[in-house]
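Student: I'd like to go over a predicted model; first the sequence, then the structure.
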Amino acid sequence: MLVRSALFGALALISTAAFAQDHWTVQERWVRAHEAFLASDALQGRGSATRDEAIAAAYVASQFEGYGLVHAPGMDSYFQKATIVRLKADGPAQLSVNGKTVDATPTLFTAPGNRVGGTMAVAGSGDPAALPAADVVLIGAADANPMALFRAAAEKKVKLLIVRETEASRDMYARMGGAPHLPAYLEGEAPPARTAVATLPAAAFDALAKKKGATVELTLPAMTEDRAVTTNAIGYLPGSDPKAGTLLFTAHLDHLGVQPDGTIMHGANDDASGTTAVLEIARALAAGEQPKRSILFVCYGSEEIGLYGSKYFGEHPPIPLDQVIANIEFEMIGAQDPKLPKDTLMMTGYDRSNLGEVIKEHGGLVAPDPYPDQHFFQRSDNYSLALKGIVAHTFSGWAVTPTYHDQTDDFAHIDFDFMTKAIQSLIAPMRWLADGDFKPEWKPGGKPEAGE
């Protein structure tokens with residue numbers, strides 16, 4: 001009887017391995033279970049570099065261990081931790097013109113530090129392409145797109161962008177928590193350069209607009225530094241051929257945490273959904289035969305405040321980065337994009353490399369990004385690795401969904417059928433990548449450069 005039981009057990013293991021490798025089915029209940037925990041009230045929105053983010057990382061690590069993943073080379077745990085320094089304003093900003101303080105108090109949205117300024121130019125319209133290349137730019141167009149203006153200002157090295165205050169700007173400031181978002185940076189590094197953005201009440205704005213060419217300076221009289229620890233969760237599936245290279249599958253753990261009014265920003269789509277994709281791909285690939293290539297599964301912390309988890313990983317990788325064949329980031333895959341075919345994910349920077357075409361050839365439901373003007377390729381964790389030369393892209397669902405950074409981004413608004421099918425479509429091509437010799441390459445002009 002014992003021999004018969006052992007035989008049936010062995011046959012079951014063989015059958016399970018074959019099933020896992022060739023006919024793996026992603027179960028919607030698994031997808032729901034991850035989301036139910038990661039996007040629960042208990043994790044309070046997984047704020048960047050918080051205890052809640054660390055709990056999410058612990059959950060991911062426990063799943064990795066349960067699937068049979070091991071610690072990455074040179075690591076003695078599933079965690080990679082980094083300290084983030086965050087600047088905080090301890091008082092209101094002040095604006096001066098030709099050395100004289102302006103009576104009206106500017107509303108500061110963001111700034112690179114406690115002092116910024118230079119010679120002022122006045123924009124003639126709200127067209128981002130026509131934004132003057134000056135140290136300080138004043139713009140009063142009510143129909144201007146704030147994000148497009150901010151990107152244009154950064155590209156033109158504008159130090160300070162001053163916008164006429166409106167009801168919309170006041171509402172935006174309230175949704176930010178009623179405080180400026182000042183730089184965060186990894187301990188040991190310099191604060192990042194960024195364009196300062198402030199608004200002025202209409203009367204003060206109009207008075208300033210008459211002083212084209214004046215020297216304008218914005219200062220924050222008092223600032224403090226807060227330190228917090230962010231956590232990356234890393235699991236490793238060793239390949240059979242040490243010379244075949246390593247694949248990197250990633251997502252970010254964190255979201256926006258709890259707002260000042262007590263609202264929990266659950267982040268079910270952004271990016272519990274991507275974290276779930278990493279977990280389910282890890283489950284599937286670990287259940288099959290040992291792949292030829294090694295695979296690193298990483299869920300980053302602190303993406304929301306500046307891609308800091310991926311930046312730290314890129315500077316402190318457990319394996320040399322020249323061994324990484326490709327990086328696929330999963331971001332916001334919980335909603336079907338109405339512009340794309342059913343059950344299809346968009347791939348940011350699709351035309352930059354030959355990776356998307358090959359994934360599609362092997363059954364992956366992926367398509368080019370239908371929103372090139374949004375620059376999504378540069379706005380996710382893949383970019384930290386792409387700047388290192390690695391072919392790195394993000395797979396996403398409806399990137400402009402109305403729930404983005406809204407309290408409605410919760411469990412109830414996830415399309416679980418779409419999400420499960422999208423993950424399912426990637427199992428076979430990811431397995432093919434792991435077992436093959438194909439190495440994706442940038443197309444001419446596709447590799448990004450710093451400052452792009």
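Tutor: Done, it's in.
Student: outside of the helix or strand where residue 52 lies, which residues touch it?
Tutor: Assigned by DSSP states H and E, residue 52 falls within helix 51-67. Residues outside helix 51-67 that contact it (CB atoms under 8 Å, 6 or more residues apart in numbering) are 34, 37-38, 43-47, 77-79, 229-235, 253-254, 257, 275, 278-279, 282-283, 286-287, 297, 299, 301-302. All C-beta atoms are positioned from the backbone trio N, CA, C, and that covers glycine.
Student: what's the ChimeraX syntax to select whichever of those are buried?
Tutor: To isolate the buried members of these in ChimeraX, using 16 or more other CB atoms under 10 Å:
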select :34,38,43,44,45,46,47,78,79,229,230,231,232,233,234,235,253,254,257,275,278,279,282,283,286,297,299,301,302
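Student: in strands, which of the contacts of helix 51-67 appear?
Tutor: Among those, DSSP state E puts 79, 229, 230, 231, 232, 233, 234, 235, 297, 299 in strands.
Student: can I get those in CSV with distance to residue 247 and pLDDT?
Tutor: Shown next, in CSV, are the ones in strands among the contacts of helix 51-67 (distance: CB to CB, whole Å; pLDDT from 0 to 100):
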residue, distance to residue 247, pLDDT
79, 21, 98
229, 28, 97
230, 24, 97
231, 22, 98
232, 17, 98
233, 17, 98
234, 14, 98
235, 13, 98
297, 9, 98
299, 15, 98
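Student: in those, find the pair that's most separated.
Tutor: Greatest spatial distance among the ones in strands among the contacts of helix 51-67 (CB to CB): 229 and 297, at 21.1 Å.
Student: next, residue 136: phi, psi?
Tutor: phi -130, psi 130 (degrees, to the nearest 10).
Student: now it: how far from residue 189?
Tutor: 26 Å (CB to CB, to the nearest Å).
Student: before we move on, what about residue 134?
Tutor: Applying CB to CB to residue 134 and residue 189 gives a distance of 28 Å.
Student: show me the domain layout of this structure.
Tutor: Domains of the chain are assigned by automatic domain parsing as 23-86+227-435, 91-221.
Student: and residue 136 and residue 189? Which one has more around it.
Tutor: Here residue 136 and residue 189 are set side by side on neighbour count (other CB atoms under 10 Å), and the busier one is residue 136, at 25 against 12.
Student: give me every residue that touches that one.
Tutor: Contacts for residue 136 (CB under 8 Å, 6+ apart) come out as 117, 118, 119, 120, 121, 158, 159, 160, 161, 162, 216.
Student: okay, now stretch 85-102: how far is its last residue from its first?
Tutor: End-to-end distance for stretch 85-102: 31 Å, by CA to CA, to the nearest Å.
Student: report the mean per-residue pLDDT for it.
Tutor: The average pLDDT within stretch 85-102 is 90.
Student: just to revisit the earlier point, would you turn the domains of the chain into TSV with distance to residue 450?
Tutor: Compiled in TSV, those are given as follows (distance: least, CB to CB, whole Å):
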stretch	distance to residue 450
domain 23-86+227-435	6
domain 91-221	12
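Student: pull out the buried residues from the contacts of residue 136.
Tutor: Buried, going by 16+ other CB under 10 Å: 117, 120, 121, 158, 159, 160, 161, 162, 216, out of the contacts of residue 136.
Student: the last one is in what secondary structure piece?
Tutor: When you say that, I think you mean residue 216. Counting by DSSP H and E, residue 216 is part of strand 215-219.
Student: what lines up beside that strand in the sheet?
Tutor: Take DSSP bridges as the rule and strand 215-219 pairs in its sheet with strand 94-97 (antiparallel), strand 115-122 (antiparallel).
Student: okay, buried residues for the first one please.
Tutor: Okay, so that is strand 94-97. 95, 97.
Student: contacts for that strand?
Tutor: Contacts of strand 94-97 (CB under 8 Å, 6+ apart): 101-102, 104-106, 117, 162, 198, 200, 208, 211, 214-221.
Student: can you give the distance of it from its chain's centre?
Tutor: From the chain centre to the centre of strand 94-97 is a distance of 35 Å (CA atoms, centre = their mean, to the nearest Å).
Student: check which element follows that strand along the chain.
Tutor: strand 100-101.
Student: paired strands for that next one, with orientation please.
Tutor: strand 94-97 (antiparallel).
Student: need the CA coordinates for the helix or strand harbouring residue 204. PDB is fine.
Tutor: Per DSSP H and E, residue 204 falls inside helix 202-209. Output in PDB follows, covering the C-alpha atoms of helix 202-209 (Å, rounded to 0.1, in the frame of the first residue of the first chain):
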ATOM      1  CA  ALA A 202      -4.700  87.200 -10.100                       C
ATOM      2  CA  ALA A 203      -3.900  90.700  -8.900                       C
ATOM      3  CA  ALA A 204      -0.400  89.900  -7.900                       C
ATOM      4  CA  PHE A 205       0.100  87.800 -11.000                       C
ATOM      5  CA  ASP A 206      -1.000  90.700 -13.300                       C
ATOM      6  CA  ALA A 207       1.300  93.100 -11.500                       C
ATOM      7  CA  LEU A 208       4.300  90.800 -11.900                       C
ATOM      8  CA  ALA A 209       3.500  90.200 -15.600                       C
END
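Student: okay, buried residues for it please.
Tutor: Per 16+ other CB under 10 Å, helix 202-209 contains these buried residues: 204, 205, 208, 209.
Student: surely residue 202 touches residue 165?
Tutor: Yes. Using CB atoms under 8 Å, residue 202 makes contact with residue 165 at a distance of 6.6 Å.
Student: before we move on, back to that, now the angle from the strand holding residue 216 to helix 202-209?
Tutor: 140 degrees (axes from the mean of the first three to the mean of the last three CA atoms, to 10 degrees).
Student: which residues sit against strand 215-219?
Tutor: Residues contacting strand 215-219 (CB under 8 Å, 6+ apart): 93-99, 106, 108, 111, 114-120, 136, 160, 162, 196, 198, 208.
Student: just the buried residues of that strand, please?
Tutor: 216, 217, 218.
Student: now swap in stretch 360-373 and tell me
Tutor: 360, 362, 364, 365, 366, 367, 369, 371.
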